[in-house]
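*Asks:* Let me see the structure of the following:
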Amino acid sequence: MAVLDLINRENDIKKLQPEQLPLLAEEIRAFLLEHVSKTGGHLASNLGAVELTMALHLILNFPEDKLIWDVGHQSYTHKILTGRKEGFDHLRQLGGMSGFPKRAESDCDCFDTGHSSTSISAGLGFAHARDLLGETYNVVSVIGDGAMTGGLAYEALNNAVDLKTNFIIVLNDNKMSISENVGGMARHLASMRMAEAYQEFKSDVHSSLDRLPYGERVARRIHKTKNSLKQLLIPGMLFENMGITYLGPVSGHNLEDMLHIFREAQKVSGAVLVHVLTDKGKGYLPAEQRPDRFHGIGPFDVETGCAVKSKKKPDYTDVFSTVICKIAAKNDRVVALTAAMADGTGLRRFQSEFPDRFFDVGIAEGHAVTFAAGMAASGLHPVFAVYSSFLQRGFDEIVHDVCMQNLPVTFAVDRAGLVGADGSTHHGLMDLSYLSMMPNMTVMAPKNKWELADMLWFASRYEGPTAIRYPRGQAFDGLREYRTPIRYGRSEWIYEERQIAVFAVGSMVEIALEVHEKLCQKGYESSLINARFVKPVDTEAIREALREHILIVTMEENLLHGGFGDAVEEYLEKTGADVSVLTFGVEDCFISHGTVQQLREKAGLDAAHMTQKIIDVFDEL
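*Replies:* The predicted structure is shown next:
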C-alpha cells in the first residue's frame with residue numbers, strides 16, 4: 001500500500017512512522033504531477049512546499065489550529081493532507097475544487113486567499129481574536145519572499161510587534177536570497193539563539209554582571225558588540241530590530257530540521273518569523289529549470305514538460321507587448337511598469353529593448369500607481385500593465401495621485417472580465433465600475449486586436465489618465481474591416497438597422513455578433529454598436545439609436561452595478577427618453593471557477609441566453 005493511501009483526513013499524517021515521511025513526500029509530488037498535468041494549475045510553487053506543509057501538519061492540529069496561506073496557490077499539499085485527494089480530479093473545473101484555500105470547501109481552510117501579502121495581517125487578526133476569546137489554538141501564517149515586497153506585509157509586521165502571545169510567521173523563501181558565504185554561520189548562530197540553554201545563559205550573564213562594579217557598562221558593551229556581529233552575519237536582523245524574533249534559515253526540504261525549529265518557534269511569546277529555504281519546482285526537472293513557466297500552467301505532458309495545446313494565435317497580451325514596444329521606439333517619454341508580472345503582462349520584451357525605461361516594483365500595485373504618477377508629473381508617460389483584479393489594490397492611489405492631478409498615466413488592464421480556472425479572486429469584473437467613477441479617467445475597451453493597438457497609440461498621446469481593458473486569451477481577429485479611427489468618446493457603428501440597438505463593450509462585441517446573427521435568423525432587426533469608450537459614454541450614439549429603435553441593449557463582462565449599462569440607463573433616465581433598456585452583465589455576486597465559456601453561460605452572458613432574453617423583452621413591448 002502506498003503511504004499516501006493512509007492519508008484520508010486531517011491529522012492522519014501524525015499516524016505515520018518517521019521512515020514513511022520521505023516516501024510520502026515523493027508520492028505527493030508524483031500525485032501533483034499526475035493530476036496538475038491533466039487539469040492545469042499552479043505546479044512549481046506546490047512542488048517546492050511539500051515538506052514545509054508536511055512539517056506544519058505534523059506540529060499543528062486541524063481544524064483547531066489556524067494555517068493561513070499567502071495567495072494560496074501553494075496550498076495543494078495542504079488540501080491533500082486534509083482529505084481532499086479526490087478533489088484533484090476536477091481541480092479548478094466548474095463545480096470542482098478550487099486552486100486556492102476556501103472556507104466553504106473545508107474547515108481546515110480558515111481564510112480565503114488569492115492575492116498576495118495578506119497572510120500576516122489575517123494571521124494577526126486570528127491571534128488577537130484567539131486571545132480575546134480566551135482560546136489557545138496555534139496561528140501560523142505562511143508568506144513567500146515575493147509577497148514580502150508588498151507593503152501590507154510590513155504594515156502587519158509593524159503591528160505584530162505588540163503581540164504578547166505566540167504567532168508564527170513562516171517566510172517561504174524559494175529564491176535562495178541568503179548569501180551562501182555567510183549562510184552557514186547564520187544558521188549556526190540561529191540554532192544557538194533557539195536553544196533554551198542559550199536563552200538561560202544570556203539571563204545568567206546579565207544577572208552576574210548586575211552584581212559587579214561597572215557591570216552595567218560592561219553589559220552594554222557586550223550587547224553592542226553582539227548586535228554588531230548579528231548585523232554582519234544574521235540575515236534576520238531586519239525583523240529582530242523591529243521586535244520580531246527571527247529563527248533560521250532552515251532547509252524547507254529537511255523535515256527533521258523544520259520540526260525542530262517550528263517546535264522552538266511555538267515556545268516564543270510574541271511574533272516569531274521562521275525563515276525557510278525551498279526550491280521552487282522541487283522534484284520535477286522542467287519546473288526546477290523554469291519555475292516561472294510552471295507557476296500557473298495548463299495541461300501538459302509530464303515526460304517533456306510541453307503544453308498539450310500549443311498557442312496558435314496571439315493573445316491580447318502578445319498584441320500589447322508588440323505595440324507598446326513600437327510606441328516606445330517612437331516616443332522616448334514612454335516608460336513601462338509592472339508589479340512582479342513582466343512575463344504575465346507581456347512586458348518582458350519591453351524590458352529587453354528598453355531596459356532603462358522598464359520598472360518592476362515587485363508585488364506593490366499601490367506603490368506602482370503613485371510611482372507612475374511621480375514620473376508623469378515629471379514629464380514622462382508611464383504605462384502600467386497590470387491584471388484587472390490586482391489593480392484593485394491601487395484604487396486609492398489612482399484616485400488621489402493620478403486622477404486628482406489629471407496625469408497622463410495609461411493603465412493597460414489585462415485579464416479583464418472572466419478569467420476562468422483561477423476563480424473569484426482573479427476575475428476582472430469590477431474595473432469598469434471602479435475606474436468609471438473616477439473624475440478625469442478615460443476608460444476604453446477594444447473589440448479586437450487591431451483596436452487594442454489603436455487605443456494604445458491614442459492613449460500614448462492623450463494628456464490625462466487612461467485605462468484600456470482587455471480580456472485573457474486569444475485575441476479576436478474578426479471585424480478587421482471595421483477600423484474607424486479612434487475619436488475621444490465616440491463609439492463605432494458596425495451594423496445599422498432598426499428595432500433593437502445593441503451596445504457591446506470590448507470582448508462582448510464578438511458575442512454580440514453571434515446575437516445579431518441569431519436575431520436575424522429569427523426575423524428581428526438589430527443594430528450593433530461597438531461602445532469603445534465606457535467613460536465617457538457616447539451619448540450622441542445613444543441619441544441616434546433612439547430614432548429607429550425601441551429597445552436599447554447593453555452587453556459588458558463586468559458587474560452590472562456601476563458599469564456601462566448603468567451609465568446608459570442613467571443618461572436615458574435623465575433625458576426622459578421613451579425607450580426600453582435591457583442590460584447584460586454580471587449580477588451582484590462573486591463568480592467561481594470554470595472555463596470562461598461555462599462561466600459566461602452561468603452568468604447569462606452567452607449568445608443563446610442573451611438572444612432569447614432580447615426576444616422575450618422585445619415581444620412584450
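*Asks:* which residues in the stretch 501-621 of the chain form helices?
*Replies:* Residue ranges of the helices in the stretch 501-621 of the chain, as given by DSSP state H, counting those that start in this stretch, are 508-521, 539-548, 564-575, 596-603, 607-619.
*Asks:* and among these, the most buried is which?
*Replies:* Mean neighbours per residue, mean count of other CB atoms under 10 Å, is largest over those for helix 508-521, with a mean of 20. Quick note: C-beta positions are derived from backbone N, CA and C, even for glycine.
*Asks:* starting at the chain centroid, how far to that helix?
*Replies:* 33 Å (CA atoms, centre = their mean, to the nearest Å).
*Asks:* can you check stretch 236-253 too?
*Replies:* From the chain centre to the centre of stretch 236-253 is a distance of 26 Å (CA atoms, centre = their mean).
*Asks:* Start and end of it, how far apart?
*Replies:* End-to-end distance for stretch 236-253: 20 Å, by CA to CA, to the nearest Å.
*Asks:* ok, back up a step: quick check: which of the helices of the stretch 501-621 of the chain is nearest to Ala153?
*Replies:* Nearest to Ala153, of all the helices of the stretch 501-621 of the chain, is helix 596-603, at 31.3 Å by CB to CB.
*Asks:* Send over the closest one as PDB, restricted to the C-alpha atoms.
*Replies:* Extracted in PDB, the C-alpha atoms of helix 596-603 (Å, rounded to 0.1, in the frame of the first residue of the first chain):
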ATOM      1  CA  VAL A 596     -14.700  31.100 -19.500                       C
ATOM      2  CA  GLN A 597     -17.500  29.700 -21.700                       C
ATOM      3  CA  GLN A 598     -19.000  27.800 -18.800                       C
ATOM      4  CA  LEU A 599     -18.900  30.900 -16.600                       C
ATOM      5  CA  ARG A 600     -20.500  33.000 -19.300                       C
ATOM      6  CA  GLU A 601     -23.300  30.600 -19.600                       C
ATOM      7  CA  LYS A 602     -23.700  30.500 -15.800                       C
ATOM      8  CA  ALA A 603     -23.800  34.400 -15.800                       C
END
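*Asks:* picking up where we left off before, to Leu452, which of the helices of the stretch 501-621 of the chain lies closest?
*Replies:* Using CB to CB, these put helix 508-521 closest to Leu452, at 12.1 Å.
*Asks:* Could you pull out the strands in the stretch 201-350 of the chain for me?
*Replies:* 245-251, 271-277, 334-338 (DSSP state E, counting those that start in this stretch).
*Asks:* So which bits of the first one are buried?
*Replies:* Judged by neighbour count (16 or more other CB atoms under 10 Å), strand 245-251 contains these buried residues: 245-251.
*Asks:* quick one, helices of the stretch 51-200 of the chain?
*Replies:* All helices of the stretch 51-200 of the chain, identified by DSSP H, counting those that start in this stretch, fall at 76-81, 119-132, 151-160, 180-194, 196-210.
*Asks:* Of the ones you listed, which shows the lowest average pLDDT?
*Replies:* Of all these, the minimum mean pLDDT falls on helix 180-194 (a mean of 34).
*Asks:* Lowest average confidence across helices and strands of this protein, where is it?
*Replies:* helix 180-194 (a mean of 34; mean pLDDT, DSSP states H and E).
*Asks:* Enumerate every residue touching His427.
*Replies:* By CB atoms under 8 Å, 6 or more residues apart in numbering, His427 lies in contact with 388-389, 417-419, 590-591.
*Asks:* Check Met610 too.
*Replies:* Residues near Met610 by CB under 8 Å, 6+ apart: 511, 515, 555, 584, 604.
*Asks:* and the residues you listed as CSV, adding distance to Val617 and pLDDT?
*Replies:* What follows is the contacts of Met610, written out as CSV (distance: CB to CB, whole Å; pLDDT from 0 to 100):
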residue, distance to Val617, pLDDT
Ile511, 18, 98
Val515, 13, 98
Met555, 14, 98
Phe584, 11, 98
Gly604, 13, 97
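*Asks:* of the buried residues of strand 245-251, closest to Ser433?
*Replies:* The nearest one, if we look at the buried residues of strand 245-251 relative to Ser433 and count by CB to CB, is Tyr246, at 42.7 Å.
*Asks:* Let me have the helices of the stretch 501-621 of the chain in CSV, extended by distance to Leu380.
*Replies:* Listed next are these as CSV, based on distance: least, CB to CB, whole Å:
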stretch, distance to Leu380
helix 508-521, 33
helix 539-548, 33
helix 564-575, 31
helix 596-603, 36
helix 607-619, 43
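*Asks:* Looking at those, which is nearest to Phe126?
*Replies:* Among these, if distance is taken as CB to CB, the winner is helix 596-603, at 31.7 Å.
*Asks:* circling back to that earlier point, can you list the contacts of Met610 in CSV and add distance to Asn172?
*Replies:* Listed next are those as CSV, based on distance: CB to CB, whole Å:
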residue, distance to Asn172
Ile511, 41
Val515, 47
Met555, 43
Phe584, 42
Gly604, 41
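*Asks:* Which of the residues you listed sits closest to Arg84?
*Replies:* Gly604 (30.7 Å).
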